[in-house]
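Chemist: missing the sequence, but the structure's below:
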């Protein structure tokens, strides 16, 4: 039997935490192992529990979500963080993604989307709300383009483009007519060549360097 995906919920509102616990606790294969009300407590609980996935609010007392994520990358590198917030401002969105968020969802997202994001994060993929993705493209499209993409092969650029538009490995395989195993190999090469640690950072870089442009 497969081990459940362990989840830590981090939000300064008890009602939100209770609602997330109630919903996620009903999903097959999920186990809520703890809660935290601010970033400092999140660091303590994450070190203690070593959860697979952390649902992280951004605006909290003492230590905010972005600062907590930066620390978590060093203290609990195995844990994947999904931002779950009401805020869509660029000054919150970009730092969160650059801090290594494995997903970025708004609190008005459908419950099924949240469950999908948790499973995707656990599988090493990323889910970004379509509204957030569009905002990200607008925010980054005017930044200077570098040359980090020049070292990628044509197929690797194809894969990166689809990663940046939120496609899963399975979907990329279908669209490119290759196996999912081959996609995983390409993703590994892309991350290594770009010098990034996960798909979210690769997607940010792809947008930043103009591989995905404003629609």
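Modeler: Great, that's in hand. In this text the structure is predicted, and so the values were computed from the model without any measurement.

Chemist: For residue 55, give its distance to residue 173.
Modeler: 28 Å (Cβ to Cβ, to the nearest Å). All C-beta atoms are positioned from the backbone trio N, CA, C, and that covers glycine.

Chemist: Same check on residue 80?
Modeler: From residue 80 to residue 173 the distance is 22 Å (Cβ to Cβ).

Chemist: Which elements pack onto the longest helix anywhere in the chain?
Modeler: As assigned by DSSP state H, the longest helix anywhere in the chain is helix 180-194. If contacts are counted by 3 or more Cβ pairs under 8 Å, 6 or more residues apart in numbering; DSSP states H and E, helix 180-194 sits against helix 154-164, helix 169-176, helix 199-208.

Chemist: how many other residues sit next to the closest residue to residue 36 other than its chain neighbours?
Modeler: The shortest distance from residue 36 to any non-neighbouring residue, by Cβ to Cβ, 6 or more residues apart in numbering, is to residue 42 (4.1 Å). Using other Cβ atoms under 10 Å, residue 42 is surrounded by 30 other residues.

Chemist: So what's the model's average confidence on the helix or strand encompassing residue 42?
Modeler: Assessed by DSSP states H and E, residue 42 sits inside helix 39-49. Helix 39-49 carries an average pLDDT of 95.

Chemist: Contacts for it, please.
Modeler: If you take Cβ atoms under 8 Å, 6 or more residues apart in numbering as the criterion, helix 39-49 is touched by 6, 8, 10, 33-36, 54, 56, 60, 62-65, 67-68, 71-72, 75-76, 79.

Chemist: one step back: pick the most buried one from the helices and strands packed on helix 180-194.
Modeler: Of all these, helix 199-208 carries the top mean neighbour count, a mean of 23, counting by mean count of other Cβ atoms under 10 Å.

Chemist: Now do it, average pLDDT.
Modeler: Helix 199-208 comes out at a mean pLDDT of 81.
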